[in-house]
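**Student:** have a look at this fold, sequence not included:
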């Protein structure tokens, strides 16, 4: 299950995040940059209001003098937080910093933050795991220059999550994330998705938390399920709860046409070791829900694009277009609102014609009771005007 982390700057914002159902309350000062620390008395105040309701994390700004680092962390721990986050610098002394902080891992959950836009060194992941760190968060340092997904696509982020999981590290993703990014990032299987700007009016991370914006993000991340979860990309959860299924005629069609990707594919010896153009045409039949003018109402075409990238990003040569088509159809049918999908995969360069395969796959009948949000009405009731 993926958790929602909400970054707050005050007791009042913490109360908004708690009421709207955030899973982790994160103490952070956006005015001080991507990972700015709040005053410790403010952190203690937030811990007091959240105690027994949700865990709290706090940011520590790493001192330039490594000998002072432990004292800064110990001061943060004394506020009663459950997690302490810090930016692991891409400097030669990173291993020394990890070793210095390692003894604190028995007192608090330590989370190292890496920045995708600063060329992070993922070789440090194994060192963090050996030192007993709780987890790693992948973020962006420069919030105005792109979202996390602009620096690493879903396939790369999925690989990052798998690498962390293999080391026993809890993994979070953040970095100027927006509402449309949520269904795309859920497929990575990340343990935590972190937000600040998306929870604020007009996406301004320095503005106050907004009830409606926070409710939207909360509704896009599943909280609990009545059946066993389906998986995609090694454990990710897709779907947003349960309502009664719509009538059979309440179907929308979401499509991706003429999407061409260079791909290593083919059964002939002449096709090995080179790429050729492969074109995708995908039509998904999607259960309709009550129309809201936000991401709760849609099955995004971005999910189709991401599924293709995950399949093709697995590495290695693929022999058959049929293999790609079947994997893509299977992946899309894991999404709760997709009832059926038609996938056409074409090879454009093999002969003086277009060749390929076209398949149609449907969700099993007993699985059709699975659309989008269990509580759209409740979500509307929580909204406030912008």
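**Tutor:** That came through, no problem. Just so it is clear, the structure is predicted and the values come from calculations on it, not from any experiment.
**Student:** residue ranges with poor pLDDT in the protein?
**Tutor:** 224-249, 289-297, 314-315, 365-386 (pLDDT under 70).
**Student:** change it to 80
**Tutor:** When residues are selected by pLDDT under 80, those of the chain lie in 64-67, 224-249, 268, 288-299, 313-316, 336, 364-386.
**Student:** got the domain ranges for it?
**Tutor:** Per automatic domain parsing, the domain ranges recorded for the chain read 3-220, 251-367.
**Student:** and those domains as a markdown table, adding mean neighbour count?
**Tutor:** To be clear about C-beta, it is placed using only N, CA and C from the backbone, and glycine gets the same treatment. Formatted as a markdown table, the domains of the chain follow (neighbours: other C-beta atoms under 10 Å):
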| stretch | mean neighbour count |
| --- | --- |
| domain 3-220 | 19 |
| domain 251-367 | 17 |
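**Student:** from the chain's centroid, how far away is stretch 165-182?
**Tutor:** The offset between the C-alpha centroid of stretch 165-182 and the centroid of the whole chain comes to 4 Å, using C-alpha atoms, centre = their mean, to the nearest Å.
**Student:** my reading is that residue 286 lies in a strand. Confirm?
**Tutor:** Yes - secondary structure of residue 286, determined by DSSP: H, G, I helix; E, B strand; the rest coil: located in a strand.
**Student:** pull the contacting residues for it.
**Tutor:** The contact partners of residue 286, taken as C-beta atoms under 8 Å, 6 or more residues apart in numbering, are 251, 252, 253, 254, 299, 337, 338, 339.
**Student:** please apply the same query to residue 164.
**Tutor:** The contact partners of residue 164, by C-beta under 8 Å, 6+ apart, come to 125, 135, 136, 170, 171.
**Student:** and the residues you listed, which two are the farthest apart?
**Tutor:** The widest separation within the contacts of residue 164, taken as C-beta to C-beta, falls between 125 and 170 and amounts to 11.9 Å.
**Student:** quick one: common contacting residues for those two?
**Tutor:** 136, 164.
**Student:** where do the helices sit along the stretch 1-150 of the chain?
**Tutor:** If you assign secondary structure with DSSP state H, counting those that start in this stretch, the helices in the stretch 1-150 of the chain sit at 11-19, 40-50, 69-77, 94-101, 124-130, 148-151.
**Student:** nearest to residue 310, of those helices?
**Tutor:** helix 148-151 (13.1 Å).
**Student:** the closest one: what's the following helix or strand?
**Tutor:** Moving toward the C-terminus from helix 148-151, the first helix or strand encountered (DSSP states H and E) is helix 154-166.
**Student:** what sits up against the next helix or strand along the chain from that following helix?
**Tutor:** Proceeding C-terminally, helix 154-166 gives way to strand 170-173 as the next helix or strand, assigned by DSSP H and E. Contacts made with strand 170-173 from outside it, assessed by C-beta under 8 Å, 6+ apart, are listed as 5, 111, 134-138, 148, 157, 160-161, 164-165, 185, 188, 190-194.
**Student:** what strands line up against strand 170-173, and which way round?
**Tutor:** According to DSSP bridges, strand 170-173 has the following sheet partners: strand 135-139 (parallel), strand 192-195 (parallel).
**Student:** now tabulate these in CSV and tack on distance to residue 216.
**Tutor:** Putting these into CSV (distance: least, C-beta to C-beta, whole Å) gives the following:
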stretch, distance to residue 216
strand 135-139, 21
strand 192-195, 10
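**Student:** out of these, flag the one nearest residue 42.
**Tutor:** Comparing these by their distance to residue 42 (C-beta to C-beta), the top pick is strand 192-195, with 18.8 Å.
**Student:** centre of the chain to that closest one, how far?
**Tutor:** The offset between the C-alpha centroid of strand 192-195 and the centroid of the whole chain comes to 7 Å, using C-alpha atoms, centre = their mean.
**Student:** and the strands in the stretch 201-350 of the chain, which stretches?
**Tutor:** 251-263, 276-287, 338-351 (DSSP state E, counting those that start in this stretch).
**Student:** quick one: the shortest one to strand 338-351, angle?
**Tutor:** In this case it means strand 276-287. For the pair strand 276-287 and strand 338-351, the angle between their directions (axes from the mean of the first three to the mean of the last three C-alpha atoms, to 10 degrees) equals 170 degrees.
**Student:** partner strands of strand 276-287, with direction?
**Tutor:** Partner strands for strand 276-287, per DSSP bridges, with pairing direction: strand 251-263 (antiparallel), strand 338-351 (antiparallel).
**Student:** returning to what we had before: distance to residue 275 added to the contacts of residue 164, as TSV?
**Tutor:** Below are the contacts of residue 164 laid out as TSV (distance: C-beta to C-beta, whole Å):
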residue	distance to residue 275
125	30
135	36
136	33
170	36
171	31
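**Student:** and which of those residues is nearest residue 272?
**Tutor:** Nearest member of these to residue 272, counting by C-beta to C-beta, is residue 125, at 33.2 Å.
**Student:** hmm, residue 114 and residue 141 touching each other?
**Tutor:** No - between residue 141 and residue 114 there is no contact under C-beta atoms under 8 Å: 9.8 Å.
**Student:** elements contacting the helix or strand containing residue 355?
**Tutor:** Secondary structure assignment for residue 355, by DSSP H and E: strand 353-362. Packing contacts for strand 353-362, counted by 3 or more C-beta pairs under 8 Å, 6 or more residues apart in numbering; DSSP states H and E, involve helix 321-333, strand 338-351.
**Student:** can I get these in CSV with distance to residue 130?
**Tutor:** Written out in CSV, the entries for those read as follows (distance: least, C-beta to C-beta, whole Å):
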stretch, distance to residue 130
helix 321-333, 34
strand 338-351, 42
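**Student:** relative to residue 288, which of the ones you listed is closest?
**Tutor:** Of all the helices and strands packed on strand 353-362, it is strand 338-351 that lies closest to residue 288, at 10.4 Å by C-beta to C-beta.
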